[in-house]
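Student: Show me the folded form of this:
(chains A and B)
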Protein chains: 2
Amino acid sequence: MCEEMFKSIIQIAIVVKDLDKAIDAWSSVLGVRPSRVTETGELEETRMRFMGSPSRGRAKLAFFNLNNIVLELIEPIDGPSTWSEFLGKYGQGLHHIAFDISDKPECIDRIIEGGGSIQQEGMFKGGRYIYIDARESLGAIIELLEHYK
Amino acid sequence: MCEEMFKSIIQIAIVVKDLDKAIDAWSSVLGVRPSRVTETGELEETRMRFMGSPSRGRAKLAFFNLNNIVLELIEPIDGPSTWSEFLGKYGQGLHHIAFDISDKPECIDRIIEGGGSIQQEGMFKGGRYIYIDARESLGAIIELLEHYK
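Tutor: The predicted model follows:
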């Protein structure tokens, strides 16, 4: 039942030019600092692929745990990625919404069948992610997160 | 305490070219039809202002009530608006995130002080909304919703 996977949007992510500045701006609004600030790993760990090819594109990340959802800030660094492409094309903006498909990884197909293509994928400690470019069908880039059990 | 207002993102909204197509695409993913489909009212009711001037810009709207958040789809119609400007400039995409400031309408200032300007405002039955263009500071257009008590 893929429906259950898609009943909760777990993250909303914003691509920014300068993570420190964006953290300060959001911290003033939210009254708290981010729960976690980190960077994506090197290609050797992440095996990141962007548009089908390995890429050294990386990002600095900050996460604010709100009551009902996680707000993620992303500053692209280094090589090509969905993040740097977005920033170059549109400037700062809402980049993606994320769903957790850990319980049913095959639900990726539900998004792709609806008219999306894999734009970027990679691994992080304890899981992996896939960005589906579904801007033409669903109107958004969708991230699917799988945490290994 | 404006912090409390900003601890929950209540809506995430996507601007689309064709509401019916987008409803079908999202209904396939979510396994349900939208909870509500409607249109914004005429200028005489909404008193809508876009970039400081009255505008007949309107929109068709669909709302999916997910577990933790409302997903809103917006098709711009008629005159100028934040929705039609966005669609013309970027194509389909994530347009805004919304907060409910009914308990403290003065919290609008918190967002504006952080580096935002009022892009559009208007009334709906039982309340009003303001879009703050905070793309340069917070990296997003922010909607503040006030439901009259």
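
Student: buried set for the helix or strand where A:Lys21 lies?
Tutor: Secondary structure from DSSP states H and E places A:Lys21 in helix A:19-30. Counting neighbours by 16 or more other Cβ atoms under 10 Å in any protein chain shown, one finds that the buried residues in helix A:19-30 are A:19, A:21-23, A:25-26, A:28-30. All C-beta spots, glycine's among them, are computed from the backbone N, C-alpha and C.

Student: Please enumerate the helices of chain A.
Tutor: In chain A, the helices defined using DSSP state H lie at A:2-5, A:19-30, A:43-46, A:82-90, A:108-113.

Student: mean confidence score for the longest one?
Tutor: When you say that, I think you mean helix A:19-30. Throughout helix A:19-30, pLDDT has a mean value of 96.

Student: picking that back up, between the helices of chain A, which one is nearest to chain B?
Tutor: Counting by Cβ to the nearest Cβ, chain B lies closest to helix A:2-5 out of the helices of chain A; the figure is 3.3 Å.

Student: Identify the residues contacting the residue nearest to A:Glu39 when sequence neighbours are not counted.
Tutor: Excluding its sequence neighbours, the residue lying closest to A:Glu39 (Cβ to Cβ, 6 or more residues apart in numbering or on different chains) is A:Lys60, at 5.2 Å. With contact set as Cβ atoms under 8 Å, 6 or more residues apart in numbering or on different chains, A:Lys60 has these partners: A:19, A:37-39, A:74-75, A:77.

Student: what do you get for A:Pro54?
Tutor: Taking Cβ under 8 Å, 6+ apart, we find A:Pro54 in contact with A:43, A:47-48.

Student: and with 10 Å instead?
Tutor: By Cβ atoms under 10 Å, 6 or more residues apart in numbering or on different chains, the residues touching A:Pro54 are A:43, A:46-48, A:79, A:122.

Student: Can I have the buried ones of these as a PyMOL selection?
Tutor: Command for PyMOL that selects the buried part of the contacts of A:Pro54, burial taken from 16+ other Cβ under 10 Å:
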select buried, chain A and resi 43+46+48+122
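
Student: can the contacts of A:Pro54 go into JSON lines with extra columns for pLDDT?
Tutor: Shown next, in JSON lines, are the contacts of A:Pro54 (pLDDT from 0 to 100):
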{"residue": "A:Leu43", "pLDDT": "94"}
{"residue": "A:Thr46", "pLDDT": "95"}
{"residue": "A:Arg47", "pLDDT": "96"}
{"residue": "A:Met48", "pLDDT": "97"}
{"residue": "A:Gly79", "pLDDT": "89"}
{"residue": "A:Gly122", "pLDDT": "97"}
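
Student: Grab the two from the contacts of A:Pro54 that are most spread out in space.
Tutor: Across the contacts of A:Pro54, no pair lies farther apart than A:Arg47 and A:Gly79, at 13.9 Å, counting by Cβ to Cβ.

Student: Now A:Glu42, what are its backbone angles?
Tutor: Here the main-chain torsion angles of A:Glu42 (degrees, to the nearest 10) amount to phi -80, psi 160.

Student: what do you get for A:Glu136?
Tutor: Dihedral pair for A:Glu136: phi -80, psi -30, per degrees, to the nearest 10.

Student: Quick one: the strands in chain A, in order.
Tutor: A:11-15, A:36-39, A:49-50, A:53-54, A:57-65, A:70-78, A:93-100, A:117-124, A:127-134, A:140-147 (DSSP state E).

Student: closest one to B:Ile10 among these?
Tutor: Checking the strands of chain A against B:Ile10 by Cβ to Cβ gives strand A:11-15 as the closest, at 11.6 Å.

Student: I'd like to know which elements that closest one is packed against.
Tutor: Using 3 or more Cβ pairs under 10 Å, 6 or more residues apart in numbering or on different chains; DSSP states H and E as the contact test, the elements touching strand A:11-15 are helix A:19-30, strand A:57-65, strand A:70-78, helix A:82-90, strand A:93-100, strand A:140-147, strand B:93-100, strand B:140-147.

Student: Turn these into CSV, columns for distance to B:Ser53.
Tutor: Putting these into CSV (distance: least, Cβ to Cβ, whole Å) gives the following:
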stretch, distance to B:Ser53
helix A:19-30, 28
strand A:57-65, 35
strand A:70-78, 32
helix A:82-90, 25
strand A:93-100, 25
strand A:140-147, 30
strand B:93-100, 20
strand B:140-147, 18
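
Student: between those, which gets nearest to B:Ala13?
Tutor: Evaluated over the helices and strands packed on strand A:11-15, closeness to B:Ala13 peaks at strand B:93-100, with 4.9 Å, by Cβ to Cβ.
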